[in-house]
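**Student:** pasting a predicted model and its sequence here:
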Amino acid sequence: MHDFQYRDGELHCERVALSRIAKEVGTPCYVYSHTTLVRHYRVFDGAFQSIPHIVAFAMKANSNVAILRLMAREGSGADIVSGGELYRALRAGIPPSKIVFAGVGKSWEEIRYALETDILMFNVESSDELRAIDDVAAEMGRRARVALRINPDIDPQTHPYISTGLKKSKFGISAARALDEFKLASSLQHTEVVGVHKHIGSQLTEVAPFVDALKKVVALVETLKGHGTDIRYINIGGGLGITYSDETPPLPKELAEALSPLIRDLKCVLIMEPGRVIAGNAGILMTRVLYTKEAEAKHFVIVDAAMNDLIRPSLYNAYHDILPVREVQRGNPVTVDVVGPVCESGDFLAKDRTMPEAKPGDLLAVMSAGAYGFTMASNYNSRPRVPEVLIREGEIHVIRRRETYDDLVRGEAIPEFLR
Ligand code: LLP
């Protein structure tokens, strides 16, 4: 459920007409609904109220500091994957005691930064990394809290690029090696093993893979407890899917009902890292039609947003609904490719899409773009990145201004010999 609805023939975000936003900040732009973000967070968090838990918002989905501040206010922690994300999380006021740090390639600088700021724990993905963390902690006279990320070898039945829990994936430690890794971790002087982590993939639309993976983790936790390793946290990662088109993913409540009984008796704190389910349908990318073009084999709608603004269609062939901001009656729907100005054949927002005829000047809303939208945007083709606005109680808040041409060259330098 989200708060982008038609009123009197025009698409609104909450009470605000999208055309008003376009007039104020121009296009393309990302638009987020405060109401939707808050509701999604509360529904997710509330679903797990019967067990001790931490929601660590996966900020790779959306890392704007205003959105993170909103999450912090709601009580969220953060799942981070880089020093940059740690910086953003702290800037936004997310307490370090609720920050968990995942990723297969943490640098020494990032590890040092995370230890300095005393984050809750590292989710460790290899023995090399375990030793590196221990070394840095030793150097700093600290003890690092870690969870080992287990790869449960479960097929999440999602796009191969966003599935992370299979044997052949680069993520995590295989269940077979897990005990050895835990032994290694326990032998390290500056490391304290406090948890087990897993994340099997993103945009999951069934409960079963979550249950199967958690069962494997629970079995491991029990074995570890038998060996005297006291596991206090079980982190089940993120991955709950959303409706982009006709998917019917489980509700957070259904997930909670399936998972809670499995861990209730373990006396562990459950950590979850939802990203998409909170932010995905809380945001759209608004774009304006520049031209239409009737080529021999295809009809194109050329818009001012491109793959550098929203790469999901190009990268994963992902489906995003595209709605006209103003509902118009222009005869029968047409089948078109919606493409951007970038010089790549792969630059499209929709392919062979049947939609109402669009004309130059029309505004379109690319739906479900609140997660992995702006965070994956780039400056390819030297296109300034677009603004982000947050709508709340009828007001438009610019939470990231449009980049300027100056922003594009900031940090670049022409060396002396070229001057
Ligand atoms: N935790 C870990 C360790 C992750 O790797 C991820 C996502 C999440 C949590 C959050 O997953 P979510 O709840 O959002 O499904 N760019 C892709 C998605 C990549 C997801 C990577 N990891 C996309 O646009 O679909």
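**Tutor:** Arrived safely.
**Student:** how about the residues of the stretch 251-400 of the chain by the ligand?
**Tutor:** 273-277, 312, 316, 371-372 (C-beta under 6 Å from any ligand atom). All C-beta atoms are positioned from the backbone trio N, CA, C, and that covers glycine.
**Student:** pick the one among the residues you listed closest to residue 248.
**Tutor:** Nearest to residue 248 among these is residue 277, at 13.4 Å by C-beta to C-beta.
**Student:** so what's that closest one up against?
**Tutor:** Listed by C-beta atoms under 8 Å, 6 or more residues apart in numbering, the contact set of residue 277 reads 40, 44, 238, 240-242, 249, 252.
**Student:** ok, so of those residues, who is nearest the ligand?
**Tutor:** In terms of C-beta to the nearest ligand atom, no member of the contacts of residue 277 lies closer to the ligand than residue 238, at 2.6 Å.
**Student:** hang on, the earlier thing: export the residues of the stretch 251-400 of the chain next to the ligand as CSV, with columns for pLDDT.
**Tutor:** Converted to CSV, those look like this (pLDDT from 0 to 100):
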residue, pLDDT
273, 98
274, 98
275, 98
276, 98
277, 98
312, 98
316, 96
371, 98
372, 98
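**Student:** domain parsing of this protein, as residue ranges.
**Tutor:** The record's domain parsing of the chain by automatic domain parsing lists 4-31+280-409, 34-277.
**Student:** worst mean pLDDT among those?
**Tutor:** Between the domains of the chain, the one with the least mean pLDDT is domain 34-277; it has a mean of 94.
**Student:** and residue 90, how far from the ligand?
**Tutor:** Noted for residue 90: a distance of 19 Å to the ligand, by C-beta to the nearest ligand atom, to the nearest Å.
**Student:** residue 76 too?
**Tutor:** Taking C-beta to the nearest ligand atom, one finds residue 76 at 13 Å from the ligand.
**Student:** that residue contacts residue 40, correct?
**Tutor:** No. Contact criterion C-beta atoms under 8 Å: residue 76 and residue 40 do not qualify, at 11.0 Å.
**Student:** name the residues of stretch 380-398 that come out as buried.
**Tutor:** For stretch 380-398, the neighbour count (16 or more other C-beta atoms under 10 Å) marks 383, 385-392, 396 as buried.
**Student:** next: stretch 403-419.
**Tutor:** Going by neighbour count (16+ other C-beta under 10 Å), the buried part of stretch 403-419 is residue 403.
**Student:** likewise stretch 83-99?
**Tutor:** Buried residues in stretch 83-99, counted by 16+ other C-beta under 10 Å: 83, 85-86, 88-90, 92, 94-96, 98-99.
**Student:** thanks again, I'm all set now.
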